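Colleague: Here's a sequence, model it:
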Amino acid sequence: MSDQKKRKSLKTIYEWCKGCGICVAFCPVKVLKLEDEKVKVIDYDKCTRCGLCELRCPDFAIYLEEDHNE
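Modeller: Numbers count the residues shown, from 1 in each chain. Down below sits the predicted model:
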């Protein structure tokens, strides 16, 4: 995994999520699921930070953010 990908964290804005499931469908490693009609990350460690969820979300409710903790 590249250093750039390691420095990013997957974030969600639950208030913006309408539960369409597009991000879940496009996740290549299946780390997302819908729970109570909102997206939830079920395994942060398996996430490859590919950005497909962010790219496909019509409501900008899920995104990769620079991790300032490293």
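Colleague: Which positions within stretch 41-56 qualify as buried?
Modeller: 41, 47, 49, 52-54 (16 or more other CB atoms under 10 Å). Placement of C-beta: from N, CA and C, glycine included.
Colleague: now swap in stretch 58-70 and tell me
Modeller: Buried-residue list, stretch 58-70, by 16+ other CB under 10 Å: 61-64.
Colleague: Tell me which other helices or strands the helix or strand containing residue 34 touches.
Modeller: Residue 34 is part of strand 32-35, with elements assigned from DSSP states H and E. If you count contacts as 3 or more CB pairs under 8 Å, 6 or more residues apart in numbering; DSSP states H and E, strand 32-35 packs onto helix 22-26, strand 38-41.
Colleague: Residue 10 is nearest to which of the ones you listed?
Modeller: When those are compared by CB to CB, strand 38-41 sits nearest residue 10, at 5.7 Å.
Colleague: any idea how far the next helix or strand after that closest one is from the chain center?
Modeller: Remark: after strand 38-41, the chain's next helix or strand is helix 52-56, criterion DSSP H and E. Relative to the chain's own centre, helix 52-56 is displaced by 8 Å; criterion: CA atoms, centre = their mean, to the nearest Å.
Colleague: contacting residues around helix 52-56?
Modeller: 10, 22-23, 26-28, 32, 39, 62-64 (CB atoms under 8 Å, 6 or more residues apart in numbering).
Colleague: Let's see stretch 29-49 as PDB, backbone CA atoms only.
Modeller: Provided in PDB are the C-alpha atoms of stretch 29-49 (Å, rounded to 0.1, in the frame of the first residue of the first chain):
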ATOM      1  CA  VAL A  29     -13.300  -5.300  -0.400                       C
ATOM      2  CA  LYS A  30     -16.800  -5.200   1.100                       C
ATOM      3  CA  VAL A  31     -15.900  -3.200   4.300                       C
ATOM      4  CA  LEU A  32     -19.200  -1.100   4.100                       C
ATOM      5  CA  LYS A  33     -22.700  -2.100   5.000                       C
ATOM      6  CA  LEU A  34     -26.000  -0.400   5.500                       C
ATOM      7  CA  GLU A  35     -27.200  -0.400   9.100                       C
ATOM      8  CA  ASP A  36     -30.400   1.400  10.100                       C
ATOM      9  CA  GLU A  37     -30.500   2.900   6.600                       C
ATOM     10  CA  LYS A  38     -27.100   4.500   7.000                       C
ATOM     11  CA  VAL A  39     -23.600   3.500   5.700                       C
ATOM     12  CA  LYS A  40     -21.300   1.900   8.300                       C
ATOM     13  CA  VAL A  41     -17.600   0.900   8.000                       C
ATOM     14  CA  ILE A  42     -17.400  -2.600   9.400                       C
ATOM     15  CA  ASP A  43     -13.600  -3.100   9.100                       C
ATOM     16  CA  TYR A  44     -11.400  -0.100   8.800                       C
ATOM     17  CA  ASP A  45      -8.200  -2.300   8.600                       C
ATOM     18  CA  LYS A  46      -9.400  -4.000   5.500                       C
ATOM     19  CA  CYS A  47     -10.200  -0.700   3.700                       C
ATOM     20  CA  THR A  48      -7.800  -0.200   0.800                       C
ATOM     21  CA  ARG A  49      -8.700   3.600   0.600                       C
END
